[in-house]
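Student: generate a structure from the sequence data that follows.
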Amino acid sequence: MVEIENVETVTGAALRRIADDSDMPADERVHAESAVTEDTAEALAYLVDPFDLIGEVPGVDLAQASWSSESIDYDPDSPEWDLGEDDGRGNDEEDGLG
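Tutor: Now for the predicted structure:
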């Protein structure tokens, strides 16, 4: 999970990266600019390369990566945000690990 604190800054950085890409064809540039302006996940995808993030991790062969986004109201103190909930585990203290 990533929290984007300033959508305009992320979008602006992505637009600058697109503008600086002299190898990008004009029609692709128009599509890319539209995509990053309409979807923050697309903007983030132009700034962060998943292959760079985990390309050197032993035992990992990244075949495909994709981004998606969803606006949510995040409350870290809410029990609804228990990170161990989805995997069937509780938190470390409940598991006797903490």
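Student: contacting residues around the closest residue to Ala32 other than its chain neighbours?
Tutor: Excluding its sequence neighbours, the residue lying closest to Ala32 (CB to CB, 6 or more residues apart in numbering) is Ile18, at 5.0 Å. (Each C-beta comes from the backbone N, C-alpha and C, glycine too.) With contact taken as CB atoms under 8 Å, 6 or more residues apart in numbering, Ile18 is in contact with Met24, Arg29, Ala32, Glu33, Val36, Tyr46.
Student: could you rerun that using 10 Å?
Tutor: Met24, Glu28, Arg29, Val30, His31, Ala32, Glu33, Ala35, Val36, Ala43, Tyr46 (CB atoms under 10 Å, 6 or more residues apart in numbering).
Student: tell me the one among these nearest to Asp75.
Tutor: Nearest to Asp75, judged by CB to CB, of these is Ala43 at 24.9 Å.
Student: in helices, which of the contacts of Ile18 fall?
Tutor: Glu28, Arg29, Val30, His31, Ala32, Glu33, Ala35, Val36, Ala43, Tyr46 (DSSP state H).
Student: now do the helix or strand bottoming out on mean pLDDT in the chain: distance to the chain's middle.
Tutor: Ranked by mean pLDDT, DSSP states H and E, the weakest helix or strand in the chain is helix 50-54, scoring a mean of 85. Relative to the centre of its chain, helix 50-54 is centred 12 Å away, using CA atoms, centre = their mean, to the nearest Å.
Student: got the buried residues for it?
Tutor: Judged by neighbour count using 16 or more other CB atoms under 10 Å, helix 50-54 contains no buried positions.
Student: helices or strands up against it?
Tutor: In terms of contacts (3 or more CB pairs under 10 Å, 6 or more residues apart in numbering; DSSP states H and E), helix 50-54 is not packed against any helix or strand.
Student: just for the chain, where's the confidence low?
Tutor: Counting by pLDDT under 70, the chain shows low-confidence ranges at 67-69, 83-98.
Student: where exactly do the strands run in it?
Tutor: Ranges of strands in the chain, per DSSP state E: none exist.
Student: quick one: the helices in it, in order.
Tutor: For the chain, the helices defined by DSSP H occupy 7-20, 26-38, 40-47, 50-54.
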